[in-house]
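>>> mind looking at a prediction? Sequence and model below.
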Amino acid sequence: MAIKATVFKATLQIADMDRYYYADHHLTVAQHPSETEERMMVRLFAFALFADEALTFAQGMSSDDEPDLWLKDLTGAIELWIMAGLPDERAVRRACGRAEKVVVISYGRAADIWWNENKNKLTRLHNLTVLRLPTDTTQALAKLVGRTMQLQCTIQEGNMMITCDKGVVEIEPVIWHGALPSGQTWQQG
């Protein structure tokens, strides 16, 4: 018998002062059996960073043909394709061919090695943005996990602060490659 996904409920209150986006999102997040809490929280971080009424969680780990999150227009064209982790360079190239904009949010101890091995090929992709989250930050995010989460997310000048009853995590993503989303100013790495 296959192990089923663990379901989490999250209320995400977003105040993104860089994009002038203010909204509450009530999310159901399925944690794949092989997915860590750290990776699941990176996906929630990605949702908060690129929040939009049309942004949805996709199959991600369960499918090679889908990202972790995506934003489609009314015609079904993919505007934004978001991948968390250290994806295969070929998968990133395929995504860049299918979507208007692709974002890879890298994290973990091996992220620097992954970037050094792939940056020559990935920097040729003009619709790609690669972000790096520090390991201590993603581990702190994992400590906020609960079956039901009430998270407040504030974004200002490229910095994000996520708060809940379990604590506060400040996140400053480093951009390794690509263009910054409208209105955001992140540290270049």
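That came in fine, so what should we check first?

>>> going forward, measure contacts and count neighbours with C-alpha atoms only.
Noted.

>>> quick one: end-to-end length of stretch 33-40, please.
Start-to-end span of stretch 33-40 (Cα to Cα, to the nearest Å) is 11 Å.

>>> I'd like the mean pLDDT over that stretch, please.
The average pLDDT for stretch 33-40 rounds to 92.

>>> now stretch 80-96
96.

>>> gap between the two ends of it?
Start-to-end, stretch 80-96 (Cα to Cα) is 10 Å.

>>> now do the buried residues in that stretch.
Neighbour-count burial for stretch 80-96, with 16 or more other Cα atoms under 10 Å as criterion, is recorded at Leu80, Trp81, Ile82, Met83, Ala84, Gly85, Leu86, Glu89, Val92, Arg93, Ala95, Cys96.

>>> what sits up against that stretch?
Identification of contacts with stretch 80-96 by Cα atoms under 8 Å, 6 or more residues apart in numbering yields 39, 42-43, 46, 60, 64, 67-72, 99-108, 111, 114, 118, 121-122, 125, 127-128.

>>> which ones among the buried residues of stretch 80-96 map onto strands?
Counting by DSSP state E, the buried residues of stretch 80-96 place Leu80, Trp81, Ile82, Met83, Ala84 in strands.

>>> widest-spaced pair of those residues?
Taking Cα to Cα as the measure, these span a maximum distance of 13.2 Å, between Leu80 and Ala84.

>>> convert the C-alpha atoms of whatever helix or strand Asn120 lives in to CSV, please.
Applying DSSP states H and E as the criterion places Asn120 in helix 111-122. Provided in CSV are the C-alpha atoms of helix 111-122 (Å, rounded to 0.1, in the frame of the first residue of the first chain):
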residue,chain,number,x,y,z
ALA,A,111,23.0,24.4,-3.3
ASP,A,112,26.4,26.1,-3.9
ILE,A,113,27.7,22.9,-5.5
TRP,A,114,24.6,22.6,-7.6
TRP,A,115,25.0,26.2,-8.8
ASN,A,116,28.7,25.9,-9.6
GLU,A,117,28.0,22.8,-11.7
ASN,A,118,25.0,24.3,-13.6
LYS,A,119,25.5,28.1,-13.8
ASN,A,120,27.3,28.1,-17.1
LYS,A,121,24.3,26.5,-18.8
LEU,A,122,21.6,28.1,-16.7
